[in-house]
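>>> sequence-free structure coming up:
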């Protein structure tokens, strides 16, 4: 990923803040430091640091980390001091300390499509939990029939305005392919930016993700030595139902037998 792509990523995801109050409340409840796995450009790390939390923001992309450092440069000194930008891969965690809160937010776990990688990331998160600490993550709740029945159908994803440039960004996406055996989904995100004194710009970003079923996650967590405390279908704590769009997990380290 280039620096320009990381800047576009930050801009394209700046509007997504549905989960921010949830993770802010978790950090306030559990305390510091917080380990943010797949922190990207600091979408969550920055608001948590502004609240007073110490955050270790880990990402394997140098460009993402550089964009986070650029964002931190515009923050007050006390906020900058609370964020430690860490290069690393969540499949191979070895940070030498434990955390009361480990987060894997915004479907980041789904980027790991290999079962061994998924298990390694969850085991690593468990090994970095302080006593009484929690791993909290969210992933999409799949509807295989809906996925298979809407391949290639472009759907609107909303729009927002970039306050810095004044440009309006319109999002849409479509499914490219679906493998029900491996539960691997490929999709394309289209972002069109208009206004702000410049010509329209279109960007396509292709993704390949794993779509977790609830039963699969229960087994995966058990094998990683984690026990769910709560599973919700939204960030307000509602139940997981057939109409839910996501699964939100709060987990603790299971007692070793």
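Nice, I can see it. From a predicted model like this one, the values you see are computed outputs, not experimental measurements.
>>> Got phi/psi on residue 163?
phi -70, psi -20 (degrees, to the nearest 10).
>>> Residue 61 versus that one, what's the distance?
To residue 61, residue 163 is 25 Å away according to C-beta to C-beta, to the nearest Å. Glycine gets a C-beta too; all of them are placed from N, C-alpha and C.
>>> Of these two, which one has the most company?
The residue with more neighbours, out of residue 163 and residue 61, is residue 61; 19 against 8, by other C-beta atoms under 10 Å.
>>> Can you verify my assumption that residue 173 contacts residue 186?
No - if you go by C-beta atoms under 8 Å, residue 173 and residue 186 don't touch, sitting 11.3 Å apart.
>>> The two - which one has more neighbours?
residue 173 (18 against 15).
>>> For that one, give the beta-bridge partners.
residue 155, residue 189 (DSSP bridges).
>>> for it, what are its contacts?
154-155, 157, 187-190 (C-beta atoms under 8 Å, 6 or more residues apart in numbering).
>>> Of these, grab the buried ones for ChimeraX.
Typed into ChimeraX, the line below selects the buried ones among these, using 16 or more other C-beta atoms under 10 Å:
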select :187,190
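>>> between the contacts of residue 173, which is closest to residue 81?
residue 189 (34.5 Å; C-beta to C-beta).
>>> List the residues that contact the closest one.
Contacts of residue 189 by C-beta under 8 Å, 6+ apart are 12, 157, 171-173, 204-207.
>>> same check, this time on residue 2
residue 63.
>>> From residue 63, how far out is it?
6 Å.
>>> ok, now residue 80?
From residue 80 to residue 63 the distance is 20 Å (C-beta to C-beta).
>>> and if you look at residue 47?
Distance, residue 47 to residue 63, using C-beta to C-beta: 22 Å.
>>> Check residue 149 too.
In terms of C-beta to C-beta, residue 149 sits 36 Å off from residue 63.
>>> between these two, who's got more neighbours?
residue 63 (18 against 11).
>>> Could you pull up phi and psi at the nearest residue to that one once chain neighbours are set aside?
Excluding the flanking residues, the one nearest residue 63 by C-beta to C-beta, 6 or more residues apart in numbering is residue 6, at 3.9 Å. Per-residue torsions, residue 6: phi -70, psi -40 (degrees, to the nearest 10).
>>> thought residue 6 was touching residue 66?
Yes - with contact defined as C-beta under 8 Å, residue 6 reaches residue 66; the gap is 6.7 Å.
>>> who's more crowded, the two?
Applying other C-beta under 10 Å to residue 6 and residue 66 shows that residue 6 carries more neighbours, namely 22 against 15.
>>> Contacts only, for the more buried one.
Residue 6 touches 41, 61, 63-64, 66-67, counting by C-beta under 8 Å, 6+ apart.
>>> okay if I get those residues as JSON lines plus secondary structure, pLDDT and distance to residue 244?
Converted to JSON lines, the contacts of residue 6 look like this (DSSP: H, G, I helix; E, B strand; the rest coil; pLDDT from 0 to 100; distance: C-beta to C-beta, whole Å):
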{"residue": "41", "secondary structure": "coil", "pLDDT": "96", "distance to residue 244": "28"}
{"residue": "61", "secondary structure": "coil", "pLDDT": "96", "distance to residue 244": "30"}
{"residue": "63", "secondary structure": "helix", "pLDDT": "95", "distance to residue 244": "33"}
{"residue": "64", "secondary structure": "helix", "pLDDT": "96", "distance to residue 244": "29"}
{"residue": "66", "secondary structure": "helix", "pLDDT": "96", "distance to residue 244": "36"}
{"residue": "67", "secondary structure": "helix", "pLDDT": "95", "distance to residue 244": "32"}
